[in-house]
Each structure stands twice: as C-alpha cells, then as structure tokens.
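Asker: Model the following, please.
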Amino acid sequence: MSLMLDEIHQQPAAIERTIKRELKKIEGFAAGLKVDRPRLIVLVARGSSDNAAIFGRYLIEMTTGIPVSLAAPAIHTLYKTRMDLRGALVIGISQSGEGVDINLTLENSKRCGATTLAITNEAESSMARLADETFLIHAGRERSVAATKTYTGQLLIFHLLASALSGAGHKAEIERLPELAAASLTLQPHIAEIVERYAFMKQCVVVGRGLNYANAFEFAIKLMETCYVVAERFSGADFLHGPIAMIDRGFPVFVFAPPGPTLKGTRELLERVQGLGAETIVISSEPSALKSASRQIRIPERGAELLSPIPYIIPAQIFAALLAEAKGLTPDQPRSLSKVTKTV
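Answerer: Below you'll find the predicted structure:
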C-alpha cells in the first residue's frame with residue numbers, strides 16, 4: 001500500500017482526535033469574538049489548503065452571514081500594501097505552517113489591525129508562533145507529498161469554527177464525520193474495479209458546486225500531481241458558460257452530486273453532458289444523479305449536504321491514488337514537488 005493510501009485510511013481516526021482535542025478551544029475562541037464580532041473574515045492559503053479555504057468561505061458565509069474573502073498573498077508580499085483590516089479576522093491555513101507568503105500575510109495583517117488565527121498540523125511551526133490563536137489538525141505526520149488527511153482535517157476545523165461562530169448547534173452532526181469518513185473508505189474495492197479503465201486518461205474535467213466546489217479543485221489537483229492528468233475544475237454553473245464546448249464523445253467528466261440545493265442543477269448538467277457522449281463518473285448518494293452516470297461511485301451513507309465534503313472527497317482521493325498505481329506511478333513522490341513549497 002502506498003503512503004498516500006495508508007494516510008487516506010487514517011482519516012476517520014484523525015477526524016475523531018481533532019474533534020476531541022480542539023472542540024473546546026474553538027468554542028472558547030468563538031465565544032470571545034461575540035463581544036467584538038468580526039466584520040470580515042479573510043482566508044489565506046496555497047495549494048490544497050487554498051482548496052479547503054474555498055469550502056471555509058462557503059460554510060462560514062452560509063452559517064454566520066459574515067462576509068469571507070480569499071486573500072491574494074502577493075498584495076502583502078510583493079506589493080507591500082497596507083490595508084485597513086481593523087475588525088477583521090485573518091485565518092492562515094497551512095498543513096506545515098511554514099509557507100513563507102502565508103506567514104508574511106498574517107504578519108502584515110496583524111500590523112494592519114486584524115486578529116490572526118492559524119490552522120495547521122504542526123504545533124511548533126512558524127505560523128503557530130506568530131498567530132494570535134492556533135487550531136491544530138491532529139492528523140499525525142503526513143509523509144506522502146499529496147495532502148489527504150490534512151485537507152480533511154482543515155475542512156473539519158472549518159466545520160467546528162462555523163458551528164461555534166453561528167451558535168447553530170451542529171456539534172452532534174459534526175460528530176458523525178468519523179463514521180461517514182469510515183463508510184466512504186469501504187468504496188476502495190469498487191473504485192479498484194473501475195480505475196483501470198482510466199489508466200490512459202490524459203485530460204478530464206471535475207465539476208462541483210456550493211460546498212463541494214472546493215472538492216472539485218482538490219480532486220483535480222490530486223489527479224494533476226499524482227497521475228499527471230490535465231484536470232480542469234469548474235463550478236457546475238461556470239461549466240455551462242463556455243467550457244462545455246470542449247466535451248465530446250468519451251471525454252471524462254467527474255461530478256460531485258450531493259443532496260441539497262445544488263442537486264437539481266447538477267442533474268441537469270449530467271443529462272446535458274451525457275447527451276454529448278461524455279464519460280460521466282458521478283460521486284453521489286443520490287439515485288437521481290447516479291442514473292446519469294457512465295460509472296457510479298455511490299456514497300454509502302446519505303447525510304446532509306452540510307456534511308458531504310469530507311465523505312465525498314475520500315473516494316476521489318482513493319481514485320487518484322489507485323489511478324497513479326494503474327499508470328505505473330508512485331503517488332507518494334510526484335515529480336518536481338516537495339512536501340513544503342515556499343513562495344513569496
């Protein structure tokens with residue numbers, strides 16, 4: 001078994017540990033913000049952490065009504081801009097906590113009046129030292145270059161933070177996530193049966209919308225870095241505004257189709273690309289979406305859309321790891337990449 005697959009299977013335990021060890025701290029932090037509620041939240045990250053930030057933006061805006069922005073680190077690091085961040089909460093997301101541009105952005109944000117928060121897997125990292133508060137992902141060391149358990153750990157932290165900030169009491173639902181993650185791991189034998197079909201795939205499209213838009217980006221980056229597949233990622237809505245023109249017979253289209261408000265539009269998109277002859281691989285618990293699939297990856301536990309991103313990304317991670325092996329590649333050490341990428 002590759003390190004990547006081994007770490008994928010560690011996710012239910014990592015999620016459970018993180019809930020147990022961070023929940024009270026996150027609730028205490030959120031309680032402190034009730035006196036001086038942030039007028040704005042800014043998320044700063046790169047790579048898979050930036051994909052997690054996309055999810056964080058959707059979730060926090062949906063549950064709290066606080067506007068959330070994704071930072072452009074170069075504004076701070078290259079253009080040296082002094083911004084008015086009084087009353088803002090700036091959150092840095094990094095599995096290693098050593099991203100130079102992320103840390104410089106946090107430092108400048110603090111000088112500009114923001115409260116700063118770090119989300120990282122490394123308690124002794126530079127990011128953890130410089131932020132006003134740190135929430136830890138208790139995933140253990142991640143040895144594979146391709147992030148898996150730290151990505152779902154970041155999604156979990158956003159679940160806990162959004163629940164605490166909103167006061168909506170989603171804790172009982174969040175505590176189901178280890179169980180939902182474990183159920184998704186049972187899909188590996190089925191995915192192993194279908195992955196060989198795509199051993200010679202060189203390009204594809206990944207589509208997700210709403211809370212699973214982040215997963216479209218994350219699945220695509222996993223296919224690019226471990227399988228060297230040119231994987232374009234789109235919102236289901238954006239896909240219809242031009243990119244659908246590239247679809248012809250046999251073109252692979254991977255689609256996340258969870259229950260909830262996005263399902264109707266996703267079904268319509270699937271029917272349209274199916275009519276164009278696309279090869280559709282659908283990750284869903286919903287029969288109405290799966291019926292339009294060339295290949296089905298059926299999520300075994302049906303849960304609310306709010307909880308879907310973690311159990312839905314796990315079969316995608318498995319697919320990427322197994323596809324790399326089918327292509328004769330080693331998913332743990334992608335060419336030209338290292339575990340920590342430092343940019344300014």
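Asker: isn't H9 right next to T186, touching?
Answerer: No: because the distance of 10.8 Å does not satisfy C-beta atoms under 8 Å, H9 is recorded as not touching T186. In short, each C-beta sits where N, CA and C put it, glycine included.
Asker: Between those two, which has more neighbouring residues?
Answerer: H9 (17 against 11; other C-beta atoms under 10 Å).
Asker: How about the more buried one, nearest residue that isn't a chain neighbour?
Answerer: Excluding the flanking residues, the one nearest H9 by C-beta to C-beta, 6 or more residues apart in numbering is L185, at 5.9 Å.
Asker: Then A53?
Answerer: Leaving aside its sequence neighbours, A53 sits nearest to L43 (C-beta to C-beta, 6+ apart; 4.0 Å).
Asker: Okay, and the beta partners of that neighbour?
Answerer: L70, I91 (DSSP bridges).
Asker: just checking, what packs against the helix or strand where S49 lies?
Answerer: Counting by DSSP states H and E, the element that carries S49 is helix 47-64. The contact analysis (3 or more C-beta pairs under 8 Å, 6 or more residues apart in numbering; DSSP states H and E) places helix 47-64 against strand 40-44, strand 68-70, strand 88-94, helix 149-166, helix 213-227.
Asker: helix or strand right after the longest one?
Answerer: Same thing as helix 149-166. Counting by DSSP H and E, the next helix or strand C-terminal to helix 149-166 is helix 171-174.
Asker: The shortest one now?
Answerer: Proceeding N to C from strand 68-70, the next assigned helix or strand is helix 73-77, under DSSP H and E.
Asker: Equivalent analysis for the last one, please.
Answerer: Proceeding N to C from helix 213-227, the next assigned helix or strand is strand 230-235, under DSSP H and E.
Asker: what sits up against that next one?
Answerer: Under the contact criterion C-beta atoms under 8 Å, 6 or more residues apart in numbering, strand 230-235 has outside partners 202-209, 213, 216-217, 219-221, 223-224, 243.
Asker: residues near the residue nearest to A53, how many?
Answerer: Using other C-beta under 10 Å: L43 sits among 25 other residues.
Asker: For it, give its distance to R272.
Answerer: 33 Å (C-beta to C-beta, to the nearest Å).
Asker: low pLDDT regions in the stretch 1-150 of the chain?
Answerer: For the stretch 1-150 of the chain, no stretch is flagged by pLDDT under 70.
Asker: cool, and the stretch 201-344 of the chain?
Answerer: Across the stretch 201-344 of the chain, the ranges flagged by pLDDT under 70 are 336-344.
Asker: run the last query once more with 90
Answerer: Along the stretch 201-344 of the chain, segments meeting pLDDT under 90 span 236-247, 302-303, 331-344.
Asker: What segments of this protein are strands?
Answerer: 40-44, 68-70, 88-94, 115-120, 133-136, 203-208, 230-235, 252-256, 279-284, 295-298 (DSSP state E).
Asker: need the ones you listed in a markdown table with distance to V145, can you?
Answerer: Output for the strands of the chain, formatted as a markdown table (distance: least, C-beta to C-beta, whole Å):
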| stretch | distance to V145 |
| --- | --- |
| strand 40-44 | 22 |
| strand 68-70 | 24 |
| strand 88-94 | 15 |
| strand 115-120 | 17 |
| strand 133-136 | 21 |
| strand 203-208 | 20 |
| strand 230-235 | 17 |
| strand 252-256 | 22 |
| strand 279-284 | 24 |
| strand 295-298 | 24 |
